[in-house]
Each structure stands twice: as structure tokens, then as C-alpha cells.
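Student: Structure for this input, please:
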Amino acid sequence: MATNGDRPRKLRVLCLHSFRTSARIFEQQLTRPGLLPALTDLVDLVFVDAPHPASGPIPRDVRPYWQGPYYEWFTAEAVGDRVEFDEAKLEASEKYLVRVLETQGPFDGVMGFSQGAVMGSALVALQRSGRRPELAELPPIRFAVLFAGMKSRHPDHVAAFEALGGKVPLPSLHVYGDKDALKNPHCVELADAFQGSTVLLHQRGHSIPALGGPQLSVMRAFIAEAGREGREGEAERGQGPRPRL
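Tutor: Model prediction:
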């Protein structure tokens, strides 16, 4: 990584917003609890809107507090014991993210909240497994920060995780709430799907919390260490890093 004197350049992180929100809303969700200002010396956060305008009702915890326009990465519905996706919409979102990586990258990390965490974790699984050649050819994403996420149930994404032995080989930080209905089993399951994952548990629900004191120190140390390990590992092996958290 290039340096400016003794100071390394900031890590570039691609930020993916939640269901029927937007890049602007995600930036505000990180700013209001103080996370964005607390990380600006370490990272450059690049926020992008999903390619699809919201196709249905805006969530009750979004519309009263955050002004639109609103966007979504995909839609899905439970049919019996299956989850059926709008395949065209999901495929378009994946192609869009490939273009973002090609035209705005390289990115050191990915950060996502809720549906954005689903997309971000699937993205790194697809890249590391080689199941999307167009992703595998791009510079590897070196770490993930995932707020209130869950594993995608799409068959292609499930196959990507399985191809990696159920463990994505890169450092990951998982932040979720003890009162979040997704915590068990979904957030826990996602954390378990990464090698050497780090978990920060807060006392709120499905939200991005203020992290102070020790928890903020853990997040900052994770980002700094993940970026450093990625650079050193790739220089030594000529390939993606193996986490040692």
C-alpha cells in the first residue's frame, strides 16, 4: 500500500445499504451514531445506490426517519420451505456491483447493513470461490464489516459458501443486536460462515448502534489489522489473504 510519509493511505471500502433505503441513508445511519467520523482517519467509504428503485412499501423503521428516494438490491419471498428470488433483479444487482468494482475499485473491504450485508457477504463468497469468473479476475476484497446480516439463501450463493468449505477465507467483523429478531440464527450463522470472524454484540435491535470505548477500539483495530494482513499476505503468497484474527 502506498504511503504518504509514515502514514499509509486510507483503506477504500465499498458500502452497501439496506433494503429499500439508499447510499445517502446508509451514510447518515453511520454518521448519526458517530461511527463514520470515528473511522475517517482509517477508511474512505464509497456509498452506492442499488440499481433498482423500491418496488413496494418502505419499511416502518425507514420512512418516518429517512427521506427517499429508496432502492433495493433484490426481492424474495418465502414459498413453503423455499425462498424464491426475483432472479432478473438479483442478476442485475450482481452485474452492477461487478461494474462498480471495475470502474471505482480496487476496494480493500466491503461494508453492508442488513440486505447490504447479505449482498456483501455473497459478493466475497462468489469472488473467493471463483464461481463468478468476472469477480475472480478483479483485485480481491480483503475484509468485510457486516451489520445485522444473514447468509443469502440463493442457490448460487449457497454453492459459493459450500465451495469454500462453509468458511469464507477473509477477516470479517459482524455487528448485530441482542434484541434483533435476526440474531438467532441468522446473524450468528453468517458470522460462523467466515474464518476467524470477530463479533460485536450490542443491546439494541436491527440497527447501526453507537459503539464507544472498547467496542469502537475493537472495530478500529480490526480494520487496521485486516488491511495490513491483506497487504502482507498477498505480497507473500501472490493471492488472497488468510486471516489470523
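Student: Do you have the helices of this protein handy? List them.
Tutor: Residue ranges of the helices in the chain, as given by DSSP state H, are 23-31, 35-39, 87-104, 115-129, 133-136, 155-163, 188-192, 213-237.
Student: For Val62, which of those is the nearest?
Tutor: Judged by CB to CB, the one of the helices of the chain that comes nearest to Val62 is helix 23-31, at 7.4 Å. Heads up, the C-betas are built off the backbone N, CA and C, glycines and all.
Student: returning to what we had before: quickly compare the helices of the chain and say which is most buried.
Tutor: Neighbour counts (mean count of other CB atoms under 10 Å) averaged over each of these peak at helix 115-129, with a mean of 26.
Student: I'd like the average pLDDT over it.
Tutor: Looking at helix 115-129 alone, the average pLDDT works out to 97.
Student: between it and helix 87-104, how big is the angle?
Tutor: Orientation of helix 115-129 against helix 87-104 (axes from the mean of the first three to the mean of the last three CA atoms, to 10 degrees) gives an angle of 70 degrees.
Student: Any chance of a markdown table for the helices of the chain, columns distance to Thr198?
Tutor: Formatted as a markdown table, those follow (distance: least, CB to CB, whole Å):
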| stretch | distance to Thr198 |
| --- | --- |
| helix 23-31 | 18 |
| helix 35-39 | 15 |
| helix 87-104 | 24 |
| helix 115-129 | 14 |
| helix 133-136 | 24 |
| helix 155-163 | 19 |
| helix 188-192 | 8 |
| helix 213-237 | 6 |
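Student: In terms of mean pLDDT, which of those helices ranks lowest?
Tutor: Among the helices of the chain, helix 213-237 carries the lowest mean pLDDT (a mean of 77).
Student: re earlier: to Pro51, which of the helices of the chain lies closest?
Tutor: That would be helix 87-104 among the helices of the chain, by CB to CB, at 4.4 Å.
Student: what packs against the closest one?
Tutor: The contact analysis (3 or more CB pairs under 8 Å, 6 or more residues apart in numbering; DSSP states H and E) places helix 87-104 against strand 11-16, strand 43-48, strand 52-53, helix 115-129, helix 133-136.
Student: Any chance you could list what contacts the shortest one?
Tutor: Which is strand 52-53. Applying CB atoms under 8 Å, 6 or more residues apart in numbering, the external contacts of strand 52-53 come out as Pro69, Tyr70, Tyr71, Glu72, Trp73, Phe74, Lys89, Ala92, Ser93.
Student: Then the last one?
Tutor: Counting contacts by CB under 8 Å, 6+ apart, the residues outside helix 133-136 that touch it are Val98, Leu101, Leu123, Leu126, Gln127, Gly130.
Student: and with 7 Å instead?
Tutor: Val98, Leu126, Gln127, Gly130 (CB atoms under 7 Å, 6 or more residues apart in numbering).
Student: nearest to Ala159, of the contacts of strand 52-53?
Tutor: Phe74 (16.9 Å).
Student: check contacts around the closest one.
Tutor: Taking CB under 7 Å, 6+ apart, we find Phe74 in contact with Phe85, Asp86, Lys89, Leu90, Ser93.
Student: circling back to that earlier point, can you convert the helices and strands packed on helix 87-104 into a markdown table and add a column each for distance to Asp108?
Tutor: Formatted as a markdown table, the helices and strands packed on helix 87-104 follow (distance: least, CB to CB, whole Å):
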| stretch | distance to Asp108 |
| --- | --- |
| strand 11-16 | 4 |
| strand 43-48 | 8 |
| strand 52-53 | 27 |
| helix 115-129 | 12 |
| helix 133-136 | 16 |
